[in-house]
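Trainee: Okay, structure incoming, though there's no sequence with it:
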C-alpha cells in the first residue's frame, strides 16, 4: 500500500520538558527515546456494565484489570448518544453542532472537509496509523466486512474482518421480527470459538499489526462491534452468565408521568417494546454475555502488549461511543436518550508512568476531551486553525482525585428527534451534566424541560422542573446559562432527513 511520506517520529523530549516532575515518575535517563504508541480501543454500545464501574453481575476481569492499571473516569459523557455522531465528534474533537452530524448517514467532512482528525494528526506527525474494525460509523451488522462510513485520510492501513457471526445471521433469534436485527432485541449463543467471530478476528489482526509495527510509533484503532445488537457471543459466555442473576431495573409506577414525550426515543415508543419480562431478561443476559466476550478480547490485546514489550511505551484508551439502556425508566432499551444511562459511557486511560494508576476519577469529563489529551501526552503540533471543543485530561491523569474546585467539570450532550405523532416537527434536545445536576431542554424548553438532582436522585426519577420551587428556578436559570455558554460558537442545528434517524 502506498502511503504519503511521513515526518520522522516525534521523540519524548517535548513530553519530558512539559511533564518534568509531573505525570512521569521515572527519570529522563530511564525514558525510552521514542514516541508513545497509542492503542485506541472502541467498544460499540457498551454501557457501564463492568465490574470496575460497580456492576455486581458483570464478568469483565480484563477490563477491570486495565482500570486497575490506569485511570477510569466514572463520569465521562458522550456528545450525542448515537454511533455516528458520537464517533465523529470524538475523532474530530468537535461538537455535533460544529460538524453538523446528528444522524447515522452524514459524514463530518460534508461540513468540515479540511478538519484534521485525531488519527490523521498522528499520521501527519510520523506515526503509523491503522484501523481494524469499527472506529468511524458502520451499520451493524450489515456493514461488517466493509469500510463503513470511514475516513481515508485518517489511516495508512485499514482491515475489515468478517466472521462467522455474519454468515450465521439466519440463526439469530429476533424478539421483534417486524424490526431488523440491528434495531431489535436479538441474540445468538454461537457455536465455535472466539477467533471465528468478527470481534475475535479484530483482536487477532490488531495483535498482528502491533507485532509488525513494534519498532515504529503507531496509532492503532481497534473497533469491536459487540455488544451492539444482535448480541452474539460464543455459548460459553452465556453459560457463565446465569439467567437467574439477571434482573430488569425497577422504577416508580409514575416515573414517566413527569417526563416530556420528547425524552423518549422514537424507535422505542413503548415500555420494553411490549415484550414479556422473561424475554427481556434473556436479552439482557445476551448483552452481558457479549460484554464478557469483548472483555476476553481486551485481555488478548493487553497480553500482547506485554509479550511484545510494548506496554511501557503504549498509551491505552478504551471507550464506548455512548451508554446503553437495559430497561431503565420503566422499559427503555438501547440509546438515543439524554438520561444518565445513555449519555454516560466507560472511559479508561492507561499512560505509562502515570501517577494516577488504578485510581477512579469522579470528575465530569467529555469525550471531546480525549483529542486534546492525546495531543498533550504525545506532544503533537496542532493545526493553526484547530477549534477543539474539549480540554486536556492530563491534570486528572496526574491526580484523579483533583477536587472539584480545581476541575470545574460539566458535560453537554444532545440528540435530535424526528417529527412523528408525538412531535409536530424536529426537536433538538440538549442536556448539561454537572457534579450535582442534570438539566435538559427540548426545543429550548418549548417541548419540555427536565432537572434531576444526582445528590438525592441518581436514577433520575423525579423531574424537579415540572413544578419548581423558587430555589429550583434559580438553579434552572443558572444551568440554562451554562448550557447556552457551552453551545456558543456552534451554529444552530440544520434540519436533517428524518429517514436517516
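Mentor: That came through, no problem. Fair warning: this is a prediction, and the values are worked out from it, not measured in the lab.
Trainee: what's the average pLDDT for the helix or strand hosting residue 349?
Mentor: Here residue 349, judged by DSSP states H and E, is contained in strand 347-350. For strand 347-350, mean pLDDT rounds to 98.
Trainee: next one: stretch 461-468
Mentor: For stretch 461-468, the per-residue pLDDT averages 97.
Trainee: follow-up on the earlier one: what strands line up against the next helix or strand after the strand holding residue 349, and which way round?
Mentor: Sequence-wise, the next helix or strand downstream of strand 347-350 (DSSP H and E) is strand 359-361. Here strand 359-361 is paired, per DSSP bridges, with strand 71-73 (parallel).
Trainee: Could you identify the helix or strand that succeeds the partner strand?
Mentor: Next element after strand 71-73 (DSSP H and E): strand 76-77.
Trainee: can you list contacts of that following strand?
Mentor: By C-beta atoms under 8 Å, 6 or more residues apart in numbering, the list of residues contacting strand 76-77 from outside reads 319, 343-347, 364-367, 411, 413, 433. Backbone N, C-alpha and C define where each C-beta goes, glycine included.
Trainee: wouldn't residue 112 be in contact with residue 99 here?
Mentor: Yes - under the criterion of C-beta atoms under 8 Å, residue 112 makes contact with residue 99 at 5.4 Å.
Trainee: residues shared between the contacts of the two?
Mentor: Counting by C-beta under 8 Å, 6+ apart, the residues touching both residue 112 and residue 99 are residue 92.
Trainee: about what we covered before: just checking, what packs against the strand holding residue 349?
Mentor: helix 61-69, strand 71-73, strand 314-320 (3 or more C-beta pairs under 8 Å, 6 or more residues apart in numbering; DSSP states H and E).
Trainee: mean confidence score for the last one?
Mentor: Spelled out, that is strand 314-320. Averaged across strand 314-320, the pLDDT comes to 98.
Trainee: what's the answer for the second one, then?
Mentor: Model confidence over strand 71-73 averages 96 on the pLDDT scale.
Trainee: more crowded one of residue 112 and residue 99?
Mentor: A count of neighbours by other C-beta atoms under 10 Å puts residue 99 above the other of residue 112 and residue 99, at 23 against 18.
Trainee: ok, the residue lying closest to the more buried one once chain neighbours are set aside to residue 334 distance?
Mentor: Nearest residue to residue 99, sequence neighbours excluded (C-beta to C-beta, 6 or more residues apart in numbering): residue 108, at 4.2 Å. Note on residue 108: its distance to residue 334, by C-beta to C-beta, to the nearest Å, is 23 Å.
Trainee: These two: which has the busier surroundings?
Mentor: Neighbours were counted for residue 108 and for residue 334 using other C-beta under 10 Å; residue 108 has more, 26 against 22.
Trainee: Let me see the contact set for that one.
Mentor: Going by C-beta under 8 Å, 6+ apart, residue 108 touches 88, 92, 94, 99, 100, 101, 115, 151.
Trainee: Show me those that map onto helices.
Mentor: Here DSSP state H is the test, and the contacts of residue 108 give 88, 92, 99 as lying in helices.
Trainee: any weak-confidence spans in the stretch 251-400 of the chain?
Mentor: Nowhere does the stretch 251-400 of the chain drop to pLDDT under 70.
Trainee: Spell out, range by range, the helices that occur in it.
Mentor: Secondary structure of the stretch 251-400 of the chain (DSSP state H, counting those that start in this stretch): helices at 277-307, 328-331, 340-343, 370-377, 394-398.
Trainee: of the ones in helices among the contacts of residue 108, closest to residue 388?
Mentor: residue 92 (8.7 Å; C-beta to C-beta).
Trainee: wait, is residue 39 part of a strand?
Mentor: Yes - counting by DSSP: H, G, I helix; E, B strand; the rest coil, residue 39 is part of a strand.
Trainee: Surely it and residue 316 touch.
Mentor: Yes - using C-beta under 8 Å, residue 39 is in contact with residue 316, at 4.8 Å.
Trainee: shared neighbours of those two, anything?
Mentor: residue 305.
Trainee: the domain parsing of the chain - what is it?
Mentor: 13-23+35-404, 411-492 (automatic domain parsing).
Trainee: among the ones you listed, which is the most enclosed?
Mentor: Of all those, domain 13-23+35-404 has the most neighbours on average by mean count of other C-beta atoms under 10 Å, namely a mean of 20.
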